[in-house]
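**Q** make a model of this:
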Amino acid sequence: MRIHFISIGGAVMHNMAIALHDMGNIVSGSDDEIFEPALSRLKIKGILPVKLGWETSNIDNTIDFVILGMHARNDNPELIKAKELGIKIYSFPEYVYQHSINKTRIVIGGSHGKTSTTAMIMHVLKYYNLEFDYLVGSQLDGFETMVKLSDAPIIVIEGDEYLTSAIDSKPKFLWYKPNLAVITGIAWDHINVFPTFDIYKKQFVDFINTIDKKDTLIYCESDEELKNIAVKANCNKIPYSLPDYEIINGETYIKHKKEKYKLSVFGKHNLMNLNAAMRVCEKSGINNIEFLKAISNFTGAAKRLEKVFDNGKIKIFRDFAHSPSKLKATVKAAKEQFEKSNIIGAFELHTYSSLNADFLKEYKNSMDGLDKAIVYYNNHVFELKKMTPLDSEYVKKMFGNVLVICKKEDLLNAIKPIKENSVILLMSSGNFDGLTPDSLVS
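**A** Sure thing, here's the model as predicted:
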């Protein structure tokens with residue numbers, strides 16, 4: 001097959017392009033910007049566009065179908081030409097569904113914990129040498145790509161509630177029609193697309209309605225909003241909550257049938273994710289004891305409470321926390337795990353929602369309990385996103401007891417020097433303008 005990717009540089013898109021290339025297809029692509037690691041990875045495979053930009057000459061009748069990325073707009077010249085020529089156009093979630101139509105589709109949705117839960121399931125399936133395809137939103141240890149497509153009987157999919165593409169405004173996860181679905185929780189996010197919580201919540205109602213009555217929904221019953229809609233689902237239902245656990249000398253153990261299983265991850269949100277993953281694996285033929293043996297050496301997904309520095313005196317973690325619920329969960333996890341440590345948390349306003357003045361009230365008290373709480377943002381980001389800049393005093397008022405910083409050098413000075421027995425949390429969907437752990441401890 002000859003396949004062309006419009007917006008090939010995206011995280012999932014370039015991984016999917018590589019996966020289809022490795023299956024023997026002729027793959028081409030285009031984009032107006034491609035950054036690392038996509039640039040190098042596409043180049044190694046010989047499918048990096050010769051030049052950046054959109055070229056109508058890339059589109060002709062020899063193409064079997066086009067896969068359209070979210071980054072491409074509806075006036076994209078390549079998209080327009082593909083429509084004119086009548087070439088089949090897939091979004092990536094639509095194509096994933098077509099590829100997996102005869103597989104068992106395991107789909108993990110939720111406002112938080114999707115990547116971690118998906119990663120846990122993948123880790124255990126791989127541990128027991130089961131064949132499966134996957135699509136996950138982060139690079140994982142032990143997996144070369146974020147997407148694998150083959151003739152395996154199972155596919156594990158991280159189901160995103162964000163929009164599909166410029167020509168398809170429904171959430172991605174509505175395409176997948178899961179045989180086994182997980183919802184980890186519902187907490188308002190993506191205010192630019194879902195302006196009210198009720199509109200946001202409805203996307204999960206719609207997702208549940210895509211589950212056939214013979215199939216199964218696994219859901220977190222500790223989340224009241226989720227529980228209220230899940231109990232009405234017309235399918236098999238399996239609720240889960242926090243498993244039995246204890247913390248001994250800064251290490252977390254799951255307690256199961258009078259045995260203790262040491263974990264490499266921590267925090268109640270991760271334990272919830274683990275319980276969801278265990279239910280999925282149980283339905284896939286892996287019993288709970290087998291699961292707990294396999295999960296003990298799972299260290300987490302990239303930027304999901306990922307330990308990036310530890311010299312025995314100072315620990316630094318990166319976390320993808322950007323919504324209020326994620327931020328609160330990360331702060332609580334660190335406070336519980338490292339109760340005798342000095343904990344400094346830095347949170348970067350980076351997403352559209354977090355930079356929106358009307359949404360900021362959702363973050364009230366989300367960083368309470370930290371020994372030092374810092375909210376960081378670069379005023380240049382408002383220009384890039386074409387948004388009205390925030391006043392630092394207003395940000396401080398919305399969050400509560402925090403230090404608001406708008407310059408990278410001031411952020412460094414606020415964290416350094418770091419005293420012994422400290423834990424640093426760097427919480428953002430961005431990168432604090434290139435701030436590195438080395439710059440904090442040097």
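
**Q** hey, let's count contacts and neighbours off CA atoms from now on
**A** OK.

**Q** need phi/psi at residue 298.
**A** Recorded main-chain torsions at residue 298 are phi -80, psi 120, according to degrees, to the nearest 10.

**Q** how close does the nearest residue to it once chain neighbours are set aside get to residue 309?
**A** The spatial neighbour of residue 298 that comes closest, neighbours along the chain excluded (C-alpha to C-alpha, 6 or more residues apart in numbering), is residue 264 at 6.1 Å. Using C-alpha to C-alpha, to the nearest Å, one obtains 15 Å as the distance from residue 264 to residue 309.

**Q** wait, a helix at the residue nearest to residue 298?
**A** No - with DSSP: H, G, I helix; E, B strand; the rest coil as the criterion, residue 264 is located in coil rather than a helix.

**Q** thought it was touching residue 292?
**A** No - counting by C-alpha atoms under 8 Å, residue 292 is not a contact partner of residue 264; they are 11.7 Å apart.

**Q** more crowded one of the two?
**A** Between residue 264 and residue 292, residue 292 has the larger neighbour count (other C-alpha atoms under 10 Å), namely 21 against 13.

**Q** and that one, what element?
**A** helix 288-295 (DSSP states H and E).

**Q** state the mean pLDDT of that helix.
**A** Confidence over helix 288-295, taken as the mean pLDDT, stands at 97.

**Q** and that helix, what other elements does it pack with?
**A** Using 3 or more C-alpha pairs under 8 Å, 6 or more residues apart in numbering; DSSP states H and E as the contact criterion, the secondary-structure elements in contact with helix 288-295 are helix 114-127, helix 268-283.

**Q** which ones are touching residue 26?
**A** Residue 26 makes contact with 1, 2, 3, according to C-alpha atoms under 8 Å, 6 or more residues apart in numbering.

**Q** ok, which stretches of this structure are helices?
**A** Secondary structure of the chain, counting by DSSP state H: helices at 11-22, 38-45, 77-84, 92-99, 114-127, 197-209, 224-230, 268-283, 288-295, 324-337, 380-385, 392-399, 408-415, 437-441.

**Q** would you turn the helices and strands packed on helix 288-295 into a markdown table with mean neighbour count, distance to residue 34 and mean pLDDT?
**A** Written out in a markdown table, the entries for those read as follows (neighbours: other C-alpha atoms under 10 Å; distance: least, C-alpha to C-alpha, whole Å; pLDDT from 0 to 100):
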| stretch | mean neighbour count | distance to residue 34 | mean pLDDT |
| --- | --- | --- | --- |
| helix 114-127 | 24 | 23 | 96 |
| helix 268-283 | 22 | 33 | 96 |
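
**Q** how many residues are close by residue 426?
**A** Burial of residue 426, expressed as a neighbour count using other C-alpha under 10 Å, amounts to 27.

**Q** wait, I meant residue 285
**A** Residues contacting residue 285 under the criterion other C-alpha under 10 Å number 10.

**Q** same check, this time on residue 258
**A** One way to gauge burial is a neighbour count; for residue 258, by other C-alpha under 10 Å, it gives 5.

**Q** residue 88 too?
**A** Using other C-alpha under 10 Å, the number of residues around residue 88 comes to 12.

**Q** about what we covered before: okay, the helices and strands packed on helix 288-295 in a markdown table with distance to residue 88 next?
**A** Formatted as a markdown table, the helices and strands packed on helix 288-295 follow (distance: least, C-alpha to C-alpha, whole Å):
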| stretch | distance to residue 88 |
| --- | --- |
| helix 114-127 | 30 |
| helix 268-283 | 34 |
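
**Q** give me every residue that touches the residue nearest to residue 298.
**A** Residues counted as contacts of residue 264 (C-alpha under 8 Å, 6+ apart) are 251, 252, 296, 297, 298, 299, 300.

**Q** any idea what the second one is bridged to?
**A** The reference is to residue 252. According to DSSP bridges, the partner residues bridging residue 252 are residue 247.

**Q** distance of it from residue 19?
**A** Residue 252 sits at a distance of 37 Å from residue 19 (criterion: C-alpha to C-alpha).

**Q** contacts only, for residue 268.
**A** The neighbours of residue 268, taking C-alpha under 8 Å, 6+ apart as the test, are 242, 329, 333.

**Q** so the second one touches residue 269, yeah?
**A** Right, the one you point to is residue 329. Yes - the pair residue 329 and residue 269 passes the contact test of C-alpha under 8 Å, sitting 6.3 Å apart.

**Q** most tightly packed of the helices of the chain?
**A** Burial among the helices of the chain, expressed as mean neighbours by mean count of other C-alpha atoms under 10 Å, is greatest for helix 114-127, which shows a mean of 24.

**Q** and it, what other elements does it pack with?
**A** Secondary structure elements in contact with helix 114-127, counted by 3+ C-alpha pairs under 8 Å, 6+ apart, are strand 104-109, strand 154-158, helix 268-283, helix 288-295.

**Q** list the buried residues in stretch 159-177.
**A** 159-166, 171-177 (16 or more other C-alpha atoms under 10 Å).

**Q** nearest to residue 441, of those residues?
**A** Using C-alpha to C-alpha, residue 160 comes nearest to residue 441 of the buried residues of stretch 159-177, at 35.7 Å.
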